[in-house]
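*Asks:* Could you look at this predicted model? Sequence included:
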Amino acid sequence: MGLDMPSDLTVMYTDVIAEHRVWLKQFGEQRSKEWGDLLENNSEAAVCEAMTRRLLSDQNIDVRPYEDLSQGGPDFLCAKGGKTFYVEVTCITMDVATKKTTLPPSYSKKGNTQFYRLLTKHILGELCRKTPQCAGLDLPCIVAVTTLHTQAGVLCFKKSACEDILTGTPQITMDINVQKGRAEGDPYQTTALSDSAFLRFSKRADGIVEYARNPISAILLCAFGQCAYGANPPRVKGALHPNPINPLDRTLLPAIEFCRLISGFEETDHLKFEWI
């Protein structure tokens, strides 16, 4: 039987847990104790925090704890090449990912296809919850959305799913000739922006597209489920806010691909992407 349940995490992620404990000690016993308590009470969140710190360190980024133990705030303050930014980590647990997607946590090599749902709407909820922690900051802030659910990480954090997070869930649309009572022309994709991370339709009468959650500079989608025993590097994709309060220099994370909306969509109403 594979080690896929939270009770096995301290075995699966022994190295990263030990490494994180050593890293935390230089910042005081209280921080070590707080993370140790998190590991005991919410092992998935603790492991995802440690994996995110390792991911950043592997990009030659100097990472330090930032969260105020009494008032909160982003988890990490990061520095590289004279530039600094914050990272806030949130974890989609295996139980939640299974419930939202209908996918089992373990990966099957049988090649069987099955119906599943994406995590687009749930990720939006996580971003809404984290926006206050990113508000009022003087530096860019990344929200790292993480999971240890192997299949959800592979299928819901892939490129097309990352694009959906920027636009919202796409819909198939056809034009209707009301006089003839039938559809005309070819079907095409549209979006209501209802679960878009950073865009929404204005509630005003004009209904123009406006920006949302701009204290968040970017998202990282971090699939850590297949990283047990260090067998594989994590699958990580990024998405940039099209108009953040504090823009992120994506070159600080050169090993990670970022998706962004091509400028001009405000005038054309056509959403197009580029990966950089």
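*Replies:* All right, it came through fine.
*Asks:* Does the residue nearest to R213 when sequence neighbours are not counted fall in a helix, a strand, or a coil region?
*Replies:* In space, and not counting its chain neighbours, R213 is closest to T131: 4.9 Å by C-beta to C-beta, 6 or more residues apart in numbering. Where you see a C-beta, it was placed from the backbone N, CA and C, and this is true even at glycine. At T131, secondary structure determined by DSSP: H, G, I helix; E, B strand; the rest coil is helix.
*Asks:* Count the neighbours of T131 for me.
*Replies:* 17 (other C-beta atoms under 10 Å).
*Asks:* With just CA atoms, put the helix or strand hosting A152 into CSV.
*Replies:* Assigned by DSSP states H and E, A152 falls within helix 150-156. Extracted C-alpha coordinates of helix 150-156, given in CSV (Å, rounded to 0.1, in the frame of the first residue of the first chain):
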residue,chain,number,x,y,z
THR,A,150,-0.9,13.8,-6.3
GLN,A,151,-3.6,13.6,-8.9
ALA,A,152,-5.1,17.0,-8.2
GLY,A,153,-1.6,18.6,-8.4
VAL,A,154,-1.0,17.0,-11.8
LEU,A,155,-4.4,17.7,-13.4
CYS,A,156,-5.6,20.9,-11.6
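*Asks:* Buried ones in that helix, by neighbour count?
*Replies:* T150, Q151, A152, G153, L155, C156 (16 or more other C-beta atoms under 10 Å).
*Asks:* can you map out the strands along the stretch 101-250 of the chain?
*Replies:* 141-147, 170-177, 182-191, 199-201, 209-211, 218-223, 235-240 (DSSP state E, counting those that start in this stretch).
*Asks:* now the helices: where do they sit in the stretch 1-150 of the chain?
*Replies:* Secondary structure of the stretch 1-150 of the chain, counting by DSSP state H, counting those that start in this stretch: helices at 9-12, 14-25, 29-41, 43-57, 94-101, 120-134, 150-156.
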